[in-house]
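Enquirer: Coordinates only, no sequence provided:
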């Protein structure tokens, strides 16, 4: 039987131009993005890729999150993307909800042709895809609202994914 | 209206101005090149 995970959405960074959220799974203290940072910040094999991703996130805080800043990932119709746009081994998966709202997931070294061929990366992408599906439904039924660069109604909400 | 993340801020400290310049050029290079219409028309003439 498939076990569902419990996710909460946390606002981790905000500027006048953009809000960046990340998922926290099963009550973990760290968000998926923070886990990504801790996993790769001292990995010398991808130090340049890591710096590129960090700067890409900083630019989103400075300028917003235009579509052109992301690599298209996932399936047609979902808002899944990855940073950076440039070809790097290291990828950070995310949901680009609007030009001002970004949800960061986890990521890793993409050493296979597609993320589907890597068990760990597949889990990261699938988690975001499932979360995005539920989030879209919440936005459609009005339990979560997009107000400028913020999401309202997400506080203390637990998403079963 | 700002919120910062200490882990992220710590990572930013490791990016020197030179590195930032290099990364920005790389990230901007990934975008569609801007076409100068007047130059393109001159070339066509």
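Expert: Now that the structure is in, tell me what you want to look at. These numbers come from a predicted model, not from an experiment. Numbering: from 1, shown residues only, chains lettered A, B, ... in the order given.
Enquirer: for the chain, what spans make up the helices?
Expert: Going with chain A. Ranges of helices within chain A are A:32-40, A:47-63, A:119-140, based on DSSP state H.
Enquirer: Please refer instead to chain B.
Expert: Counting by DSSP H, the helices of chain B are B:6-12, B:17-29, B:37-44.
Enquirer: picking up where we left off before, make CSV from the helices of chain A and add mean pLDDT to it.
Expert: Converted to CSV, those look like this (pLDDT from 0 to 100):
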stretch, mean pLDDT
helix A:32-40, 98
helix A:47-63, 97
helix A:119-140, 96
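Enquirer: quick one on the thing from earlier: same list (the helices of chain B) but as CSV, adding distance to residue A:159 and mean neighbour count.
Expert: C-beta: built from backbone N, CA, C; applies to glycine. Converted to CSV, those look like this (distance: least, Cβ to Cβ, whole Å; neighbours: other Cβ atoms under 10 Å in any protein chain shown):
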stretch, distance to residue A:159, mean neighbour count
helix B:6-12, 23, 14
helix B:17-29, 31, 13
helix B:37-44, 47, 8
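Enquirer: Just put the ones you listed in TSV and tack on mean pLDDT and distance to residue A:37.
Expert: Listed next are these as TSV, based on pLDDT from 0 to 100; distance: least, Cβ to Cβ, whole Å:
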stretch	mean pLDDT	distance to residue A:37
helix B:6-12	98	5
helix B:17-29	94	17
helix B:37-44	48	43
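Enquirer: For residue A:28, which of those helices is the nearest?
Expert: helix B:6-12 (14.2 Å; Cβ to Cβ).
Enquirer: what's residue A:30 in contact with, if anything?
Expert: Going by Cβ atoms under 8 Å, 6 or more residues apart in numbering or on different chains, residue A:30 touches A:24, A:38.
Enquirer: Output the helices of chain B in CSV; the columns should cover distance to residue A:29.
Expert: Converted to CSV, these look like this (distance: least, Cβ to Cβ, whole Å):
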stretch, distance to residue A:29
helix B:6-12, 12
helix B:17-29, 30
helix B:37-44, 53
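Enquirer: possible to save the ones you listed as JSON lines with distance to chain A?
Expert: Listed next are these as JSON lines, based on distance: least, Cβ to the nearest Cβ, whole Å:
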{"stretch": "helix B:6-12", "distance to chain A": "5"}
{"stretch": "helix B:17-29", "distance to chain A": "4"}
{"stretch": "helix B:37-44", "distance to chain A": "20"}
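Enquirer: now for those helices, which one comes closest to residue A:70?
Expert: Closest among the helices of chain B, using Cβ to Cβ: helix B:17-29, at 11.1 Å.
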